[in-house]
Each structure stands twice: as structure tokens, then as C-alpha cells.
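In: build me a model from this:
(chains A and B)
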Amino acid sequence: MIDRITALVIKDSLEAISEEMSKTVERTAVHPLFNEVHDYSTGVFFYDGSDVRLVARATAIPVHIFASILSVEALMESFQDDLHEGDIVMLNDPYYGGTHHADWTVMKPVFFDGKPVLFPSVRAHMADFGGPVAGGYNPEAKDIWQEALRIPPIKLFEKGVLRQDVLDWILANSRIPNVLRGDLAAMFGACNLAEQRVHALFAKYGGDVVNESIEYTLDYAEKRFRAEVAKWPDGEYRGKATLDHDSLGNYDVEVQTTVTIKGSDLSVDLSGSSPETPGFVNSPFGNTASWVYTALCSVLPEDIPINSGVFRAVTITAPEGTVVNPLPPAPCMFSTVVIGGDVGTATMQALEQAIPDKVGSVSLNYCLCTTYGHDSRYGEMFVTIEYGNTLVAAGGTQGQDGWGGWPAPMCGLIYSTVEMSEIQFPFFYHQYEYVGDTAAPGQWRGVPGFAMKRESVRDTSMINVALTGVRHSSPGFAGGKNGASSRYVLNWGTEHEEEVLESAANRPSPPGSIIATFKGGGGGWGNPFARDPQKVLNDVLDEFITLDSAERDYGVVIQPDSMTIDTDETLRRRALAAK
Amino acid sequence: MASSLDPAKEVSAAIGATLGRARPALLRRLASLALIDRRHVSVALATADGRVVGIDPAARLGIVRAVARTVCDAFSDNIAEGDAILTNDPFSGGTHIQDLTLLRPLFVAGQLVGWAIVQAPLPDLGGMALGGYYPFALEIWAEGIRVTPVKLYRKGALQRDALTMLTLNSRLPHLVGKDVQHMVDILELANTALAVLAARQTPAVYTQALDRIITATAARTQAALSELPPGEWRGESGPIHCCLEEADLRVTVRLTVSDQSVALDFSGSSPAAKGFVNTTAATTQAAAALPFFALWPSLPANEGIFQRLHISIPDDTFLHAKLPMSVGWSPYQPSQAVVQAVTAALGQTHQALPPAEQLAAPVASPPLPFAVTGCGRPGCPFPTQPD
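Out: Okay, the predicted model is just below:
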């Protein structure tokens, strides 16, 4: 029986290895999506001879790292007895344990006693990988081949030797191959470094102790998770989230969840969700499971390790052929954020009925904009994702207003600064700020909405847009209100001004043209009329809300001359509302 | 007079016999034959450094020779017995995404003595349109995936993951998988037939024989070209429609015949287009040579022909497509236009040319198994779909 101290040391070692991988990638990768935005995740997986387990991960994007379990499983299935020391495998295909084509997973089997045991892994959002639309998000895609290059499990390194022809093949399908080469090198390097660290761990403790420690860590996480679930009331709880559209004229796409709690057992059944859609929002099972886990992990105490010990305690059912478990060749490029976020929201809405004090927004209600073109300053092509038009989604949760940008589970991702964006891409930002009077009311309010105006400078860029959160904005919880609707305008302020209501593909943005956007924030939590009046006053003073909104949405009356709360009137208003 | 045991003659006869069996055998086997342009199915044999020594059909010589040279250069110090390389990449000597080339080296007594080459279209390789013809493609990646030269076999071992990646990117993976296997099998047949001969002759004699075949053809080509009167003639094509351009494109060519050489210069042709009528230099060269093949049909189809024909294609024209231009339609209307322009110039040298239809036969528009929707403007060769 392994002692707890050793098990904890080894657990933390594996997490430190994950963190070191993460820093390696951050400091050596080329595209700002890596070194500015941090849109990648690192972790270590364990193979016990029959199953793959997530053992450790660095601060990461949840949708990457949870789905990577299926990628490692796909690797094992593809190569079985043909894995060797020095192999490095990569894949991106959604139907091989991927999520969407943008997310590439690099894995390296680390051997002990002649068997592959641990798999350091990096999963990253690559900037461009071929396909008819730069950046891969093709709002007109009707099948998966209209999205991007599909990569099944393929060895980039075999016994330590690079397969140059295979790498060249993959690079040939990117619009920015030199950037991709650099980013891949960073991912390979991180895996190689992790292999060294894992070997050192095995050398120090021996294989048996490491294996036992891993099993202990998984068992511990499962035990803690079950103990938590056992505190929640038994029952069957239903949730539903609705996505505006799938980009191909299919509206109100639904995710339905039934969360069943019985003692320490928890299951999530997504039966009743919409059939798979023509457009690119279909969520492969790995993506769906990731978002269920995201919601569940968000309601747990933060000292519970997040690994397969938690995941194996949850039964997830997602019928094949639905939008949450599509069959090939359904397109799925947008799924990591929508329908994925809707899976998270629906799960939260179910949990709201059991544990309202713990729930909140997890989804992004994403407004997508990819831009590509030729930057004449550098004589090179560029492809990038704009975050300024989708910057806010954090909602209120008990004890905390929504703040910053995205909800906490997605905050492994950092926005690049306006200054760096203007250096790296032919953009100039005229506006990049919160908007007053747009935060979703709640006892704990959501983050304010965000406005951006971005001008193309010097060169004509091409823009692709897919907008959600217009008709179905971020929901509130426990009586909180929904977030504001989002907006998107091309060629703002000109006679060609065009409001995008759903999507737009390959639109030219010549020098001088401006995109003007507004993104609604996450929903509020709790009855707004229960918000501490002092906080409402602070919000007015900080210009988050106006005096009128304070009165209308929160029942708090503030004297405009003295900027003090009229306590009596506030109490009277709130008592009236309570009747 | 050369004896019947002249190695070059023996090799030439063996090449002819091998090609004569191989292409029909491949055509009988191809699972996707009903969905592809069978004129693009070809079998060829090349020297160790990738010069084509024989090919069936002859019209594909210009296309296949460019791929062969590119692949040989790319793998010159990294080739082993049992390897097989495939590529469809227009920017690696190819034409358009659909045409897949597979090459296998022939080793005798450990020495590389030549290559067997097969080219056949694939019915689909991803991109926006089933079948790969998308008139609104702004870039190559809208037409399908590029496969730069990659080893399908290494020392006799199938690279399963590479094959899976190829078939995964097709909407018709079963047909693609089967046909790649058929191409591999035909290469094996071709190489086996010649391996026996090369072993008997010895590698040194065999490779010398290949060189002599090419040199002899070059001499015969020189003799044929010297029949042309010295001078300079210009030719122009008819309009080429592009769904993404307002104005039609045209090919202009200047044919210059002197004592030393016969040269074609495509300066003055239209600039690069937004849509899929751009044409790689290899494809332009191949089309430009077709009227000469027709003029002298007895010339053996091998590298020797191109040694005497100098073709200049400025890289700012649509005839010298560069990454990431789309090129899907290049074997058809654009190649027809090249043939037209060269024929117009050549016709002024008072040579008796075959009828235009015969000249254009290798590049005539193909039957399209899958619907291709165009812009609907006058001159567009593609139908629009009714509402």
C-alpha cells in the first residue's frame, strides 16, 4: 500500500511536469495563439494496459485536456503493438478522439520495462491547417471535408527520427507553414522534455511506486468527488440550453440534459438533444464529455484533483446521431465553443435545481471572427482569431460578480494585448472597452458587455464571422437575469455597412474598413433585488450601471445629488417586488 | 546497322511491351474508373534520376516528367528498395489535386536503375466540392488536400498511417484505398518485368541503354524540328472564362525557330486569375508540346523530346501558377487554350497539322460525374443550378 506522502509527491511531480511542458510551449512557440493567448493545454496520461487515464494537467483549456483522453485511446488503437521509444504521434480529427480540426494533439509514449506507460501530451489550437477557409471556421461547411485537413493518428517521429516527408505533407496544407513548423517544434520539445522528467521519476521511485501512486491519486480524486456528490440531494434534474443557429439556416438547436444523482453516483444523459445539424456546430463525444466535466468541475471544491478518477465516476450518455454525438462526416469546427458551451450550460441548469449555490456560467456564447490576409509590412500571410469581439462571457455566481472576460473554467486562455495585435497583424483598434449598463442583473451580476471597433490598415484582409448569443443570450441562474445580446457590423459607418445576423464567409475588409462589435456578458446569479444596495451604489459610481437601471433592475433608489442610497424607498420598492 | 542484341533496342522493346500491358491492366482494375478522366491514367518508366524513358499514353509525357523529376530530386539521397512515393501536389510538378502519381524505384543488385510511375485521378480528395472541381476556389486548399511527395512504402513496409490520412481526406475513401493498391500492384508488375532484363544486362549496361534511348530521341527531335523554317510567329488563343474574373483570359505565344533551337515564349499571356484556371508551368509545358507530338507522331514519347524544345513561361502569367493559387480546371480549357495558341503559331510555318479536334483531344473537357456549378455569365462552361 503506497504511503500518502509519496503518492502526493508523485502526483505533484506529474503536475509540475505538465506545468513545465506548458512553459516550454509558451516560450518557444511562434504564433500568438500560443505565446500570447495560451490556447493550448498540457497534461500527462497513464495507460494501465487496458484503459487510458488523465493523471495530471497544467492550467489548461478544459475542452482540450479532457477530450485528449480519447485521442490517446485512438493512438493506442491505431498503433497497438507498433509503439516504440522515441515515437511521437499527432492527430486532429474529431472522429479520432479530437474535438475540432483546429485542435491538434501531440503525444509521446514514455516507456518503462518495455511498455508504454505514461503519455505526455500537448493539445493546441493551431492557427491554420488548410481547408477552404483560413483558420478553418467555414460557416458554409456542410461536411467535414469542407473544414480542414484531417489528420488521423500519425507518427511524426519514429524511434526518434523525424518523418520529414510526413511533416512536409502536413505543412503543405497550412497557409502559414513556417509558423506551423515552429509551433509543432514547441509541442515536440515539450513532450521530449516531459519524457526526460518522467524517466527521472521512474529512476528515482521505480515503476511500481509510480504506478501505485497514480492509482492512489485517481482513487483519491474519485473518493473526494463521490463524497461531494453524496452531499447533493438525490433526484433527477433537467436542463436545456438553446443555440441560436447552426450557420446553415437551422435554428434553436437544443441540448437537453438529465442529471441523475443517487447517493454518490452521478449520471448525465443528453438524450432529447437535437439531431445532428447540417452546419458546423456538431459536438463529437469527446467534446461533449469535456463540457460536461467542465460544468461538474466548476461546482467542486478547488482542492479536488481533476483527473480520470473524477471522470470515471460520471456516466455520460449521448445518443449517436445527435448534435452532442454526431456521426461522420458531420461538420464540427465551431463545436468547442457552441454546442460545447451549450452542453456546459444545460448541465449547469440541471445542477441549478440541486445545488443552486454552486452554479454559474461556463459557456462563451461565442462570436467568432477569423481574419486572414497578407501583411505587407512583413511580406507574409497571417491568419488569426479576434478575441475582442467575444471578450466577455463571465456570469455571476454566489459570492462573486462576473468579472474580467470569460468564465473561470475558460481562463486558461489569455487575451493578447491590443499593442501586440497591432504589431503582429494589420489592425488598428479604435475601441476596446466595457459598455455601461449592459451587465446582466443578479444578486451577483454578470460582467458588463464589451464593445470593439477594429480597422483594417494597409492591406485588405478577409474576414469570416459566425455570431451566436443574439436570440439566446447567456442565461442567468437562481433568479439572475440573462446577459445582453451580441451584435456584429461590417463596414461600420459607411454606405456598405452590414449587420451580420448569423454568419458571413470570406468577406473582404479593405484598408479603412471597420468592424464594430458588441458582446454580451454572462448571466447574473440570484434575484437582483437581493443584491447588497451598497454594491449597487458602487456599480453606479463605477459606471457599470446607471441610476435608472439601479432602480429598475435592483430596486435601489439613489439620490442623484448626494449619490447616497435612499434606504426607505429602496426597502419599499423591494418589498413591493417581493409580493 | 545495330544488331538485334543491341541493349538499347532490347530495353526499348521491353519498355514498350511492359507499358502495353500495364496501362490496360490498370484500367481494368480501377474501382473509380466511372468517376475519373481515364485519359489521365498513365504508366511510365524513368531513369534513376527521373527522366521519363517511355509512357503510355504519349500525351501525358509533359505532365508525368515534371512530377518524376521533382520526386527524384526530393528523395535523391533517401530512397531504398521497396519504397513507394505518392504525390498529387500541383506545386511539386503536378497539375491539379485530382491526379495522384505513384512511383517505385527499381533496384538491381543494390543499385537504383530506374523508376516505374503510375498516374491516375482520384474521384475525390476533400475540399469544397465532391470531385474537386470548384470554380469559386480562391486557393488550392478549397479544391482538396495537397499531398507533397510522401513515402507510402518504406523498404517494403506499408506506412498505414499515411495511407489512412490519404483516404480519410476523401469522401470516397473505399474507392481511393482500392485504387491506390491497384496502382501499387501495377508498379510492382512493371518493375518486375524490367528487373529481369536489367539483371541480365547488368545495371551499368541497362542504365546506359536508357540514356541512349533518350539521346536518340533527342537527335530525332532535333531533326524533326529542323524541318521548321527559321522565323518568328505569334499565336493567340480564344477566350478562357473564369467565374471569379470580369474579363476572359487569353494565351499568347511567340514561336521562334533558329538554327540552334525552337523556342516558345508565353510572355504577354494574361496575368494570374482569382479562380481555378491558373495552370502550373509543368501543365503549360505539357500542353505546349502536344501540337509537336501531333506533328511528328513517330517520335518516341520520352524526355528526349523536351531536350530540344525550349519553353519560357513568365511567372506573372496565369500559366505559371504559384502557391496558393487554385488550378483545378488547368488540364482542360486553359490547356486547350495553350494548344490553340501554339497551333496558331505553328500553323503559320506551313506545316500540315492534324485537325483541331484531334489536337485538342487529350485536353478536351471531360465528362463530369458530379455537378459543377458555375457563375451563369456568358461563356461559363458550367451550368448553374435551377432554384
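In: contacts and neighbour counts: CA atoms only from here.
Out: Fine.
In: what about the longest helix along chain B, average pLDDT?
Out: Longest helix of chain B, by residue count under DSSP state H: helix B:173-201. Here helix B:173-201 scores 95 as its mean pLDDT.
In: next, the buried residues of it.
Out: B:173, B:175-180, B:182-184, B:186-191, B:194-195, B:197-198, B:201 (16 or more other CA atoms under 10 Å in any protein chain shown).
In: out of the residues you listed, who's near chain A?
Out: Among the buried residues of helix B:173-201, no residue lies close to chain A (CA under 8 Å from any CA of the partner chain).
In: hey, where'd the helices end up in the stretch 401-550 of chain A?
Out: Applying DSSP state H, counting those that start in this stretch to the stretch 401-550 of chain A gives helices spanning A:418-424, A:533-541, A:547-554.
In: could you list the domains of the chain?
Out: All of this refers to chain A. As recorded under automatic domain parsing, the domains making up chain A are A:4-220, A:360-531, A:532-578.
In: hm, I was asking about chain B
Out: B:7-218, B:229-363.
In: distance to A:Arg123 for the ones you listed - can I get that in a markdown table?
Out: A markdown table is the format used below for the domains of chain B (distance: least, CA to CA, whole Å):
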| stretch | distance to A:Arg123 |
| --- | --- |
| domain B:7-218 | 19 |
| domain B:229-363 | 27 |
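In: nearest to A:Pro326, of those domains?
Out: Nearest to A:Pro326, of all these, is domain B:7-218, at 16.8 Å by CA to CA.
In: and the end-to-end length of the closest one?
Out: 18 Å (CA to CA, to the nearest Å).
In: is chain A within reach of stretch B:125-140?
Out: Yes - against chain A, stretch B:125-140 shows contacts by CA under 8 Å from any CA at B:126-129, B:137, B:139.
In: returning to what we had before: tell me which of the domains of chain A lies nearest to chain B.
Out: Closest approach to chain B among the domains of chain A (CA to the nearest CA): domain A:4-220, 3.9 Å.
In: is chain B contacted by the closest one?
Out: Yes - among the residues of domain A:4-220, A:130-133, A:141, A:145-155, A:165-166, A:168-169, A:172-173, A:175 lie within reach of chain B under CA under 8 Å from any CA.
In: out of these, which are inside helices?
Out: Judged by DSSP H, these include A:165-166, A:168-169 as members of helices.
In: which of the residues you listed has the most neighbours?
Out: Within those, most neighbours by other CA atoms under 10 Å in any protein chain shown means A:Val166, with 21 neighbours.
In: which of the domains of chain A sits closest to A:Lys240?
Out: The nearest among the domains of chain A, by CA to CA, is domain A:360-531 at 10.5 Å.
In: and that closest one, how far out from the chain's middle?
Out: 15 Å (CA atoms, centre = their mean, to the nearest Å).
In: so it, near chain B or not?
Out: No - remark: domain A:360-531 sits outside contact range of chain B, by CA under 8 Å from any CA, the gap being at least 9.9 Å.
In: which residue ranges of the stretch 201-350 of chain B form helices?
Out: So, for the stretch 201-350 of chain B - with DSSP H, counting those that start in this stretch - the helices run B:203-225, B:281-295, B:304-307, B:333-347.
In: give me the residue from the stretch 201-350 of chain B nearest chain A.
Out: B:Pro324 (7.9 Å).
In: any chance of the domains of chain A in a markdown table, plus mean pLDDT?
Out: Compiled in a markdown table, the domains of chain A are given as follows (pLDDT from 0 to 100):
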| stretch | mean pLDDT |
| --- | --- |
| domain A:4-220 | 93 |
| domain A:360-531 | 94 |
| domain A:532-578 | 95 |
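In: and those domains: which comes nearest A:Ala346?
Out: domain A:360-531 (9.8 Å).
In: span of the closest one from start to end?
Out: 16 Å.
In: about what we covered before: point out the other helices and strands that the longest helix of chain B packs with.
Out: helix B:7-29, strand B:99-108, strand B:111-121, helix B:160-168 (3 or more CA pairs under 8 Å, 6 or more residues apart in numbering or on different chains; DSSP states H and E).
In: A:Thr28 is nearest to which of these?
Out: helix B:160-168 (28.0 Å).
In: mind listing what whichever residue of the stretch 1-150 of chain B sits closest to chain A touches?
Out: Going by CA to the nearest CA, chain A is nearest to B:Ala142 of the stretch 1-150 of chain B, at 3.9 Å. Shown in contact with B:Ala142 (CA atoms under 8 Å, 6 or more residues apart in numbering or on different chains): A:131-133, A:146, B:127-128, B:134, B:326.
In: let's see it at 7 Å
Out: Contacts for B:Ala142 were tallied using CA atoms under 7 Å, 6 or more residues apart in numbering or on different chains; they are A:131-132, B:127-128.
In: just the buried residues out of the residues you listed, in PyMOL syntax.
Out: Buried residues within the contacts of B:Ala142, by 16+ other CA under 10 Å, are selected in PyMOL with:
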select buried, (chain A and resi 131+132) or (chain B and resi 127+128)
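In: three-state assignment of the residue nearest to A:Ala295 when sequence neighbours are not counted?
Out: Of all residues not flanking A:Ala295 in the chain, A:Gly344 sits nearest, at 5.3 Å (CA to CA, 6 or more residues apart in numbering or on different chains). Secondary structure of A:Gly344, reduced to three states by DSSP: H, G, I helix; E, B strand; the rest coil: helix.
In: residues contacting A:Gly344?
Out: Applying CA under 7 Å, 6+ apart, the residues near A:Gly344 are A:291-292, A:294-295, A:362-363.
In: and the residues you listed, which two are the farthest apart?
Out: A:Val292 and A:Ser363 (11.2 Å).
In: re the thing from before, now tabulate the contacts of B:Ala142 in JSON lines and tack on distance to A:His38.
Out: Formatted as JSON lines, those follow (distance: CA to CA, whole Å):
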{"residue": "A:Gly131", "distance to A:His38": "23"}
{"residue": "A:Pro132", "distance to A:His38": "26"}
{"residue": "B:Gly127", "distance to A:His38": "30"}
{"residue": "B:Met128", "distance to A:His38": "31"}
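In: so which of the contacts of B:Ala142 is the closest to B:Cys243?
Out: B:Met128 (15.6 Å).
In: just give me the neighbour total for the spatially closest residue to the closest one that is not a sequence neighbour.
Out: Among residues not flanking B:Met128 along the chain, A:Gln146 sits closest, at 4.9 Å (CA to CA, 6+ apart). Neighbour count for A:Gln146, taken as other CA under 10 Å: 29.
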